[in-house]
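Engineer: Turn this into a model:
(chains A and B)
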2 protein chains.
Amino acid sequence: MNSDSCFRRKREPHVGPAAVTPINNKASSGGLPKTARGEATRKSILDAAERVIGSNGYSDASIGQITREAGVAQGTFYIYFKTKEQVFSELVLEMGRLVRHRIAEATANVPNRLDAEKAGLTAFLGFVQAHPDLYRIVQEALFVDPKAYRAYYESFANGYIDGLNTALRAGQISPGDPETRAWALMGVARALGEQLVVFNTKTPIQDLVETGFDLIANGLKP
Amino acid sequence: MNSDSCFRRKREPHVGPAAVTPINNKASSGGLPKTARGEATRKSILDAAERVIGSNGYSDASIGQITREAGVAQGTFYIYFKTKEQVFSELVLEMGRLVRHRIAEATANVPNRLDAEKAGLTAFLGFVQAHPDLYRIVQEALFVDPKAYRAYYESFANGYIDGLNTALRAGQISPGDPETRAWALMGVARALGEQLVVFNTKTPIQDLVETGFDLIANGLKP
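Structural biologist: Predicted coordinates for the structure are as follows:
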């Protein structure tokens, strides 16, 4: 399942000057930014939405709070997003893309799956620490936008399943159903991240990684 | 942390006939039922709350819907609970008690920790299948009653940590931080349960257990 399939944002046609300066183009409401400046503004709105919705919850957050937090005019919001629901859905999917990107970067040059598990878990917990509202936002998606919630986890699972299948073929891990394993391993990472930012454990990230990785490595090794 | 510490229900003094027939005692609003009949009524209200809040979500659920679903008069609700918030908090804690009780029963006569992990995981997934709204209810507690959310998971973790410490002393598992391990193992169970009732996997419970247990047993064995 593609993480974007649940988010039906209308892609505006590329039409001359409007595409160069989308920030002034009211007609492109809900469209994708076409310039670096447009992308930066859209990103600042998503960052602000992360902080505002993370702190206040979806129902108490307003578009006005988000634009004030982002330091942009309220009208600017509507160049990029149609509704609060749309910015929330996009925020959930964007956070999923960011965390998957961070893990992919951390594991790109790690040929062995077990070493990659450790690097990936470390990268994930680092991301969680830098984005302490991730958990509240994704959990609230189960109620506000169940499709975005599913897409967030299923996109993760699909990448994980591919990685486990590759490692299995390379003899780097023991045989086992890759789908159920992927969910179980995501469950370990999710639980340790929640320890960090929801339950505020005193255990340092490095120790969480060591204990989690010990379980995973022994659990998977051939 | 005791699961009841977050739920400040005033315990009414035991006062003669009212305690024998609390169902007719308006003065005991919010008190604990003192009779089997009172306990059965309170339980039927909690069961109804599980279905109504699980289906509609907390904010859209009403006390009227809950009492209709329970087949009791609306006034009866107030004999046992003061508010919708209170019945929700008690529902979260009650579901935690029920699932811990189910796991404790399933593992009571299993002396080896690894075998107990398998029996406990099987019991947990069976409970989840019988209570498909468990996930929505507990996840919503993060927003409606964060103390109940914490109590739900911390009560679990505390029991798990005790079990791991006992197994470690008996040489049944390898050394490792019991707190982080407990959260990681709870993360595996939670993820497989979510696979079952939120992501509606086609994988049968027995196969989820086999794959999860293989990971856990190899991850923990001495």
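Engineer: State the number of residues packed around A:A170.
Structural biologist: Each residue near A:A170 was counted by other Cβ atoms under 10 Å in any protein chain shown, and the total is 12. In short, each C-beta sits where N, CA and C put it, glycine included.
Engineer: Spit out the contact partners of it.
Structural biologist: By Cβ atoms under 8 Å, 6 or more residues apart in numbering or on different chains, the contact set of A:A170 is A:R113.
Engineer: Repeat that for A:G193.
Structural biologist: Listed by Cβ under 8 Å, 6+ apart, the contact partners of A:G193 are A:F124, A:L125, A:V128, A:L134, A:Y135.
Engineer: With pLDDT and distance to A:L142 added, can I get these in a markdown table?
Structural biologist: What follows is the contacts of A:G193, written out as a markdown table (pLDDT from 0 to 100; distance: Cβ to Cβ, whole Å):
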| residue | pLDDT | distance to A:L142 |
| --- | --- | --- |
| A:F124 | 97 | 20 |
| A:L125 | 98 | 22 |
| A:V128 | 97 | 18 |
| A:L134 | 95 | 14 |
| A:Y135 | 93 | 12 |
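Engineer: Could you save these as JSON lines and add columns showing secondary structure?
Structural biologist: JSON lines is the format used below for those (DSSP: H, G, I helix; E, B strand; the rest coil):
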{"residue": "A:F124", "secondary structure": "helix"}
{"residue": "A:L125", "secondary structure": "helix"}
{"residue": "A:V128", "secondary structure": "helix"}
{"residue": "A:L134", "secondary structure": "helix"}
{"residue": "A:Y135", "secondary structure": "helix"}
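Engineer: From those, pick the one nearest chain B.
Structural biologist: Closest to chain B out of the contacts of A:G193 is A:Y135 (7.9 Å), distances taken as Cβ to the nearest Cβ.
Engineer: State whether that closest one and A:L196 are indeed in contact, as I suppose.
Structural biologist: No - using Cβ atoms under 8 Å, A:Y135 makes no contact with A:L196, being 9.2 Å away.
Engineer: Need the overlap of contacts for these two.
Structural biologist: A:V128.
Engineer: quick one: which helix or strand includes the residue nearest the centre of chain A?
Structural biologist: For chain A, A:G96 is the residue whose C-alpha lies nearest the centre (Cα atoms, centre = their mean; 1.7 Å). When elements are assigned from DSSP states H and E, A:G96 belongs to helix A:84-107.
Engineer: Tell me how far that helix lies from the chain's centre.
Structural biologist: Computed by Cα atoms, centre = their mean, to the nearest Å, the chain-centroid distance of helix A:84-107 equals 3 Å.
Engineer: Now restrict the contacts of A:G193 to buried residues only.
Structural biologist: Buried members of the contacts of A:G193, scored by 16 or more other Cβ atoms under 10 Å in any protein chain shown, are A:F124, A:L125, A:V128, A:L134, A:Y135.
Engineer: For the third one, which non-adjacent residue is spatially closest?
Structural biologist: What that stands for is A:V128. A:G193 (3.9 Å; Cβ to Cβ, 6 or more residues apart in numbering or on different chains).
Engineer: and that neighbour, what pLDDT?
Structural biologist: For A:G193, the pLDDT comes out at 97.
Engineer: immediately after the helix or strand hosting it, which helix or strand?
Structural biologist: Per DSSP H and E: A:G193 is located in helix A:178-197. Remark: after helix A:178-197, the chain's next helix or strand is helix A:205-220, criterion DSSP H and E.
Engineer: List the buried residues for that following helix?
Structural biologist: Quick answer for helix A:205-220 (16+ other Cβ under 10 Å): A:205, A:208-220.
Engineer: Identify all contacting residues around that helix.
Structural biologist: Looking at what lies outside helix A:205-220 - Cβ under 8 Å, 6+ apart - the contacts are A:113-114, A:117-118, A:121-122, A:125-126, A:129, A:173-174, A:176, A:181, A:185, A:188-189, A:192, A:195-196, A:201, B:174, B:176-177, B:180-181, B:184-185, B:214-216, B:218-221.
Engineer: repeat for stretch A:57-73
Structural biologist: The contact list for stretch A:57-73 (Cβ under 8 Å, 6+ apart) reads A:41, A:44-45, A:47-49, A:51-53, A:56, A:74, A:76-77, A:84, A:87-88, A:136, A:140, A:143-144, B:59, B:143.
Engineer: Would you mind listing which of those are buried?
Structural biologist: Applying 16+ other Cβ under 10 Å to the contacts of stretch A:57-73 flags A:41, A:44-45, A:47-49, A:51-53, A:76-77, A:84, A:87-88, A:136, A:140, A:143-144, B:143 as buried.
Engineer: one step back: would TSV of the buried ones among the contacts of A:G193 with distance to A:F156 be doable?
Structural biologist: Shown next, in TSV, are the buried ones among the contacts of A:G193 (distance: Cβ to Cβ, whole Å):
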residue	distance to A:F156
A:F124	10
A:L125	15
A:V128	13
A:L134	13
A:Y135	14
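Engineer: Point out where chain A drops to low pLDDT.
Structural biologist: Along chain A, segments meeting pLDDT under 70 span A:1-33.
Engineer: and with 80 instead?
Structural biologist: Chain A contains residues with pLDDT under 80 at A:1-34.
Engineer: Can you give me the domain boundaries for it?
Structural biologist: Listed domain ranges for chain A are A:16-82, A:87-220 (source: automatic domain parsing).
Engineer: Show me the one of those domains that comes nearest B:G159.
Structural biologist: Taking Cβ to Cβ, domain A:87-220 is the member of the domains of chain A nearest to B:G159, at 15.6 Å.
Engineer: Between the two ends of the closest one, how far is it?
Structural biologist: 39 Å (Cα to Cα, to the nearest Å).
Engineer: CA-only coordinates of stretch A:171-181 in PDB, if you can.
Structural biologist: C-alpha atoms of stretch A:171-181 as PDB (Å, rounded to 0.1, in the frame of the first residue of the first chain):
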ATOM      1  CA  GLY A 171      21.100 -16.300   5.000                       C
ATOM      2  CA  GLN A 172      21.500 -13.400   7.400                       C
ATOM      3  CA  ILE A 173      18.500 -14.300   9.500                       C
ATOM      4  CA  SER A 174      16.600 -17.500  10.400                       C
ATOM      5  CA  PRO A 175      13.500 -18.500   8.500                       C
ATOM      6  CA  GLY A 176      10.200 -17.000   9.700                       C
ATOM      7  CA  ASP A 177       7.100 -15.200   8.400                       C
ATOM      8  CA  PRO A 178       8.400 -11.800   7.300                       C
ATOM      9  CA  GLU A 179       5.000 -10.000   7.600                       C
ATOM     10  CA  THR A 180       4.400 -11.000  11.200                       C
ATOM     11  CA  ARG A 181       8.000 -10.500  12.100                       C
END
